[in-house]
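[1] predicted structure and sequence below. I'll ask about it afterward.
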Amino acid sequence: MNASPDATDQKVNNFAYWNTIYEQEESPRWHIGVAPALKQWLETSGAKPGRVLVPGCGYGPDAALLAGHGFDVTAVDFAPLAIERAKAMHPQARIDWRVADIFELPEREHFDYVYEYTCLVAIQPGRRAEYAKACHSWLRKGGRLIGCFYNHGREGGPPFNITREQVLKLFEPLFKIHTLEITPHSIDRRKGHELWADFEK
Ligand SMILES: C[S@@+](CC[C@H](N)C(=O)[O-])C[C@H]1O[C@@H](n2cnc3c(N)ncnc32)[C@H](O)[C@@H]1O
């Protein structure tokens, strides 16, 4: 895996890199609609709705699903075009859509949940510890980080591969790990490569 914070990786820190992809492709490859693992969790976990942050939300299908299940959703992406299209795609959803860099969010100890889906693998690998700390800081005590980590096993990125061991190394010092297992609930091309996570602050 490519974990060096080299010049190639640094391009992903700039919103313009992502916004240009959205300009060029109305339906980028990562836009898969609702993540099956989230749908499964909402239908089976019995989790109580609360305030949830969706970092790197893209077009927001998961954010809209969470809102439809009664969650109070803040969905953030620093690509303005992503948020513009998210709003147009989900006009009915009551969501606090924000064009912002997730590393500059002001909220501390605010959210009951952080929902992770292909955000960690989109950021520069050298910033992962910063991301784990940010997730911790956004959550209230007892809050949960839920979602998927994408262990696709390929070189390069984005998406930058992450293994189960690497996820544990980053998050175990900060969270109680309830679950970190490959989920059977994935789209075909990601099957066997998504680790479902449920971590508690
Ligand atoms: C691979 S896409 C995934 C989008 C969405 N989670 C999905 O699954 O459709 C990653 C998204 O994260 C956003 N992103 C990357 N780094 C970010 C940052 N530092 N702050 C806010 N958004 C960021 C990108 O603009 C992009 O929309």
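    Happy to help now that I have it.
[2] now the terminal residues of stretch 147-164, how far apart.
    Start-to-end span of stretch 147-164 (CA to CA, to the nearest Å) is 13 Å.
[3] ah, wrong one, I meant stretch 18-36
    Termini of stretch 18-36 sit 24 Å apart (CA to CA).
[4] check stretch 160-176 too.
    End-to-end for stretch 160-176, by CA to CA: 24 Å.
[5] how close does G68 sit to Y115?
    Distance check for G68 against Y115: by CB to CB, to the nearest Å, it reads 14 Å. C-beta: built from backbone N, CA, C; applies to glycine.
[6] more neighbours: these two, which one.
    Neighbours per residue, other CB atoms under 10 Å: of G68 and Y115, the larger number sits with Y115, 26 against 15.
[7] wait, a strand at the more buried one?
    Yes. According to DSSP: H, G, I helix; E, B strand; the rest coil, Y115 belongs to a strand.
[8] and stretch 49-59, what's buried?
    R51, V52, L53, V54, P55, G56, C57, G58, Y59 (16 or more other CB atoms under 10 Å).
[9] mind listing what's buried along the lengthiest strand in the chain?
    Criterion DSSP state E: the longest strand present in the chain is strand 139-150. Buried residues in strand 139-150, counted by 16+ other CB under 10 Å: L139, G143, R144, L145, I146, G147, C148, F149, Y150.
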